[in-house]
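Asks: Okay, here's the prediction I keep looking at, along with the sequence it came from:
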Amino acid sequence: MPDAASRLKGHVEQLTNAPLPVRVRAWDGSQAGPPDAPVLVVRNRRALRHLLRKPGELGLARAWVAGDLAVEGDLYTVLDRIAGLVWERGEDARTLVQALRDPAFRSAARGLIALAGPPLPPAPPREEARRPRRGLHTKHSDRRAISHHYDVGNDFYEIVLGPSMVYSCAYWPAPPPRGTLEQAQHDKLELVARKLALKPGQRLLDVGCGWGSMAVHAARDHGVNVVGVTLSHEQAAYARKRVADEGVTDRVEIRVQDYRDVTDGPYDAVSSIGMAEHVGSERYLEYATALHRLLKPGGRLLNHQISRRPQRDETSYRVDPFIDAYVFPDGELAPLGTTVSLLERSGFEVRDVESIREHYALTLRRWVANLEADWDRAMSLAGPGRARVWLLYMAASALAFERNRIGVNQVLAVRTPGSGTSGMPLRARVWGTPG
């Protein structure tokens, strides 16, 4: 009988109608595939049972998180090579029905089932979010989703993010090694401050304030009074300590609060950095309208948000199953044009849009390097499964930004009063000198 790796390679190539782009090493020690390619290690038959239970991305993710799949060689190369077999093929019911009409496909599927063995399909790893699909983006469901992602442990995030503790795209002056992550994150915070034209004595609302980096920067470097809101208790505790350590407790208040419950406007400026992805399409107009209401006339919003490429049929958009199950439960990405339109519908005048897509790829690769450099400690803090979630998520996301499958944009908008006086400079991208 052929060895497990050869059988697996043959079945996969029949199912996908494409050559296997990586080398496979199976649980019996056998190997098959291109000899110079990175190796996908199938540690046991349970990995196949995960794939059979959920064919495609989610099955692969479950096997990876459970430790039943591993990679020897460059993870980015493996992900890039299998993208065409998984992420770019499409997985709808019509495609599956058409495939099942093919005798070769049915034969390969039977062979894979036989190779996987008789035990029942394994349960999903415990790191997978389990929640009903009803009542998305209520205050309760948002708190639960934010806790799943952010309450992993501040020590773990310190490993990944580094001393800046900024969990959003940095703004690189030059690619590494000439540019450092810390400098690039400082430059991003300063870019936001300059776009908002922050001045001493102004009030800034930082929505989704994370571990307090923007709040501290605005108060310490620009003399601004800041209210930061987050739904994560762990983030809030960490942010409050940073505020105290920096000596800006008189100018910064950190709240565990939903942005929909903020009622103490008006504010001179609002920063929303990497938060809007959690809002959801059904709630986005509500989000934009709430921030518009909280700003004084002439006040500015800086909305820093990941986007996706538009689809011909937007009704066919589905949330990425791995991201939804393991990373950002209930998170949604929208095309940039949709975001701009909804901001305008809420009353904002959109004044500037800057794409910084390549910057996020650089940022994610730096985070991956941080995680790999302290891998054993990261696993001890968050658990092996959670550490594997983060490694896969960040490496795959880096490639997605590099390949223009997703992007990230800073949208500067103004609550322009009826007089039409926006307070913006005449020349684009001349942000003025902060006070």
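Replies: Here it is on my side, so go on.
Asks: contacting residues around K54?
Replies: K54 makes contact with 62, 321, according to CB atoms under 8 Å, 6 or more residues apart in numbering. Every residue, glycine included, has its C-beta placed from N, CA and C.
Asks: per-residue confidence for it?
Replies: Per-residue confidence at K54 stands at 90 (pLDDT).
Asks: So G407: helix, strand or coil?
Replies: Using DSSP: H, G, I helix; E, B strand; the rest coil, the secondary structure recorded for G407 is strand.
Asks: Not counting its neighbours along the chain, what's nearest it?
Replies: Distances taken as CB to CB, 6 or more residues apart in numbering place R357 nearest to G407, at 4.2 Å, with adjacent residues excluded.
Asks: pretty sure that neighbour contacts R405?
Replies: No. Contact between R357 and R405 fails when scored by CB atoms under 8 Å: they sit 9.9 Å apart.
Asks: what's the nearest residue to T416 if we skip its chain neighbours?
Replies: Nearest residue to T416, sequence neighbours excluded (CB to CB, 6+ apart): E349, at 4.3 Å.
Asks: Which other helices and strands does the strand or helix carrying K241 contact?
Replies: Here K241, judged by DSSP states H and E, is contained in helix 233-245. Where contact means 3 or more CB pairs under 8 Å, 6 or more residues apart in numbering; DSSP states H and E, helix 233-245 is packed against helix 154-161, helix 213-222, strand 225-230, strand 252-256.
Asks: Any idea how many residues pack against the residue nearest to G407?
Replies: The tally of other residues near R357 (other CB atoms under 10 Å) stands at 18.
Asks: How about L426?
Replies: 5.
Asks: a strand runs through it, doesn't it?
Replies: No. The assignment for L426, made by three-state DSSP, is coil rather than a strand.
Asks: what number of residues lie near the residue nearest to T416?
Replies: 14.
Asks: ok, it touching V414?
Replies: Yes. Proximity of E349 to V414 meets the contact threshold set by CB under 8 Å, at 5.0 Å.
Asks: Show me whatever sits in contact with both of the two.
Replies: In contact with both E349 and V414: S422, using CB under 8 Å, 6+ apart.
Asks: So which residues of this protein form strands?
Replies: For the chain, the strands defined by DSSP state E cover 23-25, 31-32, 39-42, 69-72, 203-207, 225-230, 252-256, 267-273, 295-308, 349-355, 406-414.
Asks: Would you mind telling me which of those is nearest A334?
Replies: Across those, A334 has its closest neighbour in strand 295-308 (6.5 Å, CB to CB).
Asks: Now that closest one: average pLDDT?
Replies: Here the average pLDDT along strand 295-308 is 98.
Asks: what packs against that strand?
Replies: Using 3+ CB pairs under 8 Å, 6+ apart as the test, strand 295-308 ends up in contact with helix 181-196, strand 267-273, helix 336-345, strand 406-414.
Asks: out of those, deepest packed?
Replies: strand 267-273 (a mean of 25; mean count of other CB atoms under 10 Å).
Asks: What pairs with it, parallel or antiparallel?
Replies: Using DSSP bridges, strand 267-273 pairs in its sheet with strand 203-207 (parallel), strand 295-308 (parallel).
Asks: That strand vs helix 181-196, what angle?
Replies: Between strand 267-273 and helix 181-196, the angle comes out at 140 degrees (axes from the mean of the first three to the mean of the last three CA atoms, to 10 degrees).
Asks: I'd like to check the angle between strand 267-273 and strand 406-414, please.
Replies: In terms of direction (the same axes, to 10 degrees), strand 267-273 departs from strand 406-414 by 180 degrees.
Asks: Convert strand 267-273 to CSV, retaining C-alpha atoms only.
Replies: Output of strand 267-273 as CSV, limited to C-alpha atoms (Å, rounded to 0.1, in the frame of the first residue of the first chain):
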residue,chain,number,x,y,z
TYR,A,267,-15.4,67.0,22.0
ASP,A,268,-13.0,68.9,19.8
ALA,A,269,-11.7,65.7,18.2
VAL,A,270,-12.4,62.0,18.0
SER,A,271,-9.8,59.3,17.2
SER,A,272,-11.0,55.8,16.3
ILE,A,273,-7.9,53.7,15.6
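Asks: Okay, helices next: where are they in the stretch 1-150 of the chain?
Replies: Here the stretch 1-150 of the chain has its helices, by DSSP state H, counting those that start in this stretch, at 4-16, 45-53, 57-65, 75-82, 93-100, 103-116, 139-150.
Asks: Buried ones in the fourth one, by neighbour count?
Replies: Across helix 75-82, burial judged by 16 or more other CB atoms under 10 Å covers 75-76, 78-82.
Asks: so it versus helix 57-65, what angle?
Replies: Inter-element angle recorded for helix 75-82 and helix 57-65: 150 degrees (by the same axes, to 10 degrees).
Asks: Run through the neighbouring helices and strands of helix 75-82.
Replies: Contacts defined by 3+ CB pairs under 8 Å, 6+ apart place helix 75-82 against helix 384-402.
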